[in-house]
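**Student:** Fold the following, please.
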Amino acid sequence: MYIYKNAFTVLAWIAAWLALVILSEGCGSGAGQTGGPAPVPEVAVVTVQPQRVELTTELPGRTSPLLVAEIRPQVNGIIKKREFREGSDVKEGQLLYQIDPAPFQVALDSARASLGKAQANLPSIQLKAERCRELLHDKAVSKQDYDDAAAAMGQAKAEIEYWKTAVEGARINLGYTRVTAPISGRIGKSNITDGALVTAYQPTPLATIQKLDPIYVDVTQSSAELLRLKRSLESGRVCSDCKNERKVRILLEDGTPYAQEGALQFRDVTVDQATGSFTLRIVVPNPNHLLLPGMYVRAVLLEGVAEQAILIPQPGVNRTPKGEPFALVVDEAGKVQQRQLTLNRAIGDQWLVSSGLSPGDRVSVEGLLNVRPGATVKAAAWENPRAGLKAESQNLPPAVAK
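**Tutor:** Numbers count the residues shown, from 1 in each chain. Below you'll find the predicted structure:
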């Protein structure tokens, strides 16, 4: 009986202690609920300021030679010797192949001999015709004899002209045995070897010469982009820079810029129905032959200049579930407002805004997780981390800062 009484006393003490603990926790939570107001969130903002921006567009393209000449023989014959080194630069008029000239020299000599024979026969025939004409007045010869003599003289003269053209043709064919370069440029591999038989105007060229300095860069642009640019120019949002609009920067296929600037030569007047694009041709200096035909490059063309462009950092642009862009703007009272935006394009790490913002607006860039439209926030100036990294890299030694 005594043991039960003691156990009951211990349980009573434990229950009282638990009640005190619960009561103390309740009092503590109540004290927390009656504390001061929550702190105002802080956001980083950038102030919109209009600035002058050159609008450019990057277009893919391929290089092509300025001039291309496929070397083909103009007479039949055997190649006696090749007179150039494959892959070298050749000059206009330089001898490339020598075709065996022996049969063509024989044809020229034969034509010259026939011409000499015809010229030797002409004086006697001409004298006979003159005598017949004199005797015809005295009626010593018949009219038929005089007509025959005059016809023989005309035939002799015609034969002389025929052999003159034969001599000229044989001389031209003999000259064709020397296959020379029609243009200056770089010659590729030879498709034939010494001793090979070639035919006049054969489909396979002996070799190909390409002029590489300067070189063409052919890029394609969609007709929709051209219409957009024209509307921007007409509305005044973009003005033309006539001084620099024909200058084009070239980016190599590995992304590095090319040292020489190109010049826009022309825009094609026909739109490809399959792709909806047209071709632009750019002339680029290529003194070191770094650009080779068929190489993939990108051309940076100047579209125009926006004198009052509005740029904001890309972190300041958000998207709705439908993908529509918007920005959170902090007004003078510190309230957050949502602005729907119309974006033009990305320029580096910024967005070019066509509409939705005005000069002086403060756009929130950082600290947006706990901020909603209508909330009160504390605005602080935003520091671009890229600018800091750039400044630090400029202070590093040359071997580290790249």
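**Student:** So which bits of the helix or strand hosting Glu168 are buried?
**Tutor:** If you go by DSSP states H and E, Glu168 is part of helix 143-176. For helix 143-176, burial by neighbour count (16 or more other C-beta atoms under 10 Å) applies to 146, 149-150, 152-153, 156, 159-160, 163, 166-167, 170-171, 173-174, 176. From N, CA and C alone the C-beta is placed, and that goes for glycine too.
**Student:** which neighbours does the following helix or strand past that helix have in its sheet, and in what orientation?
**Tutor:** Next helix or strand after helix 143-176 toward the C-terminus (DSSP H and E): strand 178-180. Sheet pairing here is set by DSSP bridges, and for strand 178-180 it gives strand 95-99 (antiparallel).
**Student:** For burial, what's the neighbour tally of Pro288?
**Tutor:** Just to correct that, residue 288 is Asn rather than Pro. Neighbour count for Asn288, taken as other C-beta atoms under 10 Å: 10.
**Student:** now Ala263
**Tutor:** With other C-beta under 10 Å as criterion, Ala263 counts 12.
**Student:** list the buried ones in the strand or helix carrying it?
**Tutor:** Assigned by DSSP H and E, Ala263 belongs to strand 262-267. By neighbour count on 16+ other C-beta under 10 Å, the buried set for strand 262-267 is Gly262, Leu264.
**Student:** now stretch 191-207
**Tutor:** Buried residues in stretch 191-207, counted by 16+ other C-beta under 10 Å: Ile192, Val198, Pro205, Leu206, Ala207.
**Student:** wait, what's in contact with the fourth one?
**Tutor:** Looking back up the chat, that one is Leu206. Ile71, Arg72, Pro73, Leu96, Tyr97, Val179, Ser190, Asn191, Ile192, Val198 (C-beta atoms under 8 Å, 6 or more residues apart in numbering).
**Student:** how does it look with 6 Å?
**Tutor:** By C-beta atoms under 6 Å, 6 or more residues apart in numbering, Leu206 lies in contact with Ile71, Asn191, Ile192.
**Student:** Now render those as CSV, adding pLDDT and distance to Val283.
**Tutor:** Converted to CSV, the contacts of Leu206 look like this (pLDDT from 0 to 100; distance: C-beta to C-beta, whole Å):
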residue, pLDDT, distance to Val283
Ile71, 94, 25
Asn191, 91, 30
Ile192, 90, 33
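**Student:** Strands - which of the residues you listed land there?
**Tutor:** Among those, the members falling in strands (DSSP state E) are Ile71.
**Student:** Among the contacts of Leu206, which one lies nearest to Leu227?
**Tutor:** Closest to Leu227 out of those is Ile71 (44.5 Å), distances taken as C-beta to C-beta.
**Student:** The contacts of Leu206 into JSON lines, with extra columns for distance to Gly360?
**Tutor:** Converted to JSON lines, the contacts of Leu206 look like this (distance: C-beta to C-beta, whole Å):
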{"residue": "Ile71", "distance to Gly360": "68"}
{"residue": "Asn191", "distance to Gly360": "70"}
{"residue": "Ile192", "distance to Gly360": "75"}
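**Student:** Mind pulling up the pLDDT for Leu389?
**Tutor:** We have a pLDDT of 35 for Leu389.
**Student:** got it, and the one 10 residues further on?
**Tutor:** pLDDT recorded at Ala399 is 36.
**Student:** swap in the one 3 residues further on?
**Tutor:** If you check Lys402, the pLDDT there is 35.
**Student:** would you list every one of the strands in the stretch 101-250 of the chain?
**Tutor:** Secondary structure of the stretch 101-250 of the chain (DSSP state E, counting those that start in this stretch): strands located at 178-180, 185-187, 197-198, 207-222, 247-251.
**Student:** So which of the buried residues of helix 143-176 sits lowest on pLDDT?
**Tutor:** Scoring the buried residues of helix 143-176 by pLDDT puts Tyr146 last, at 73.
**Student:** residues touching that residue, list them.
**Tutor:** By C-beta under 6 Å, 6+ apart, Tyr146 lies in contact with Cys132, Leu136.
**Student:** For stretch 50-60, buried residues please.
**Tutor:** Residues Val53, Leu55, Thr56, Leu59 are the ones in stretch 50-60 that count as buried (16+ other C-beta under 10 Å).
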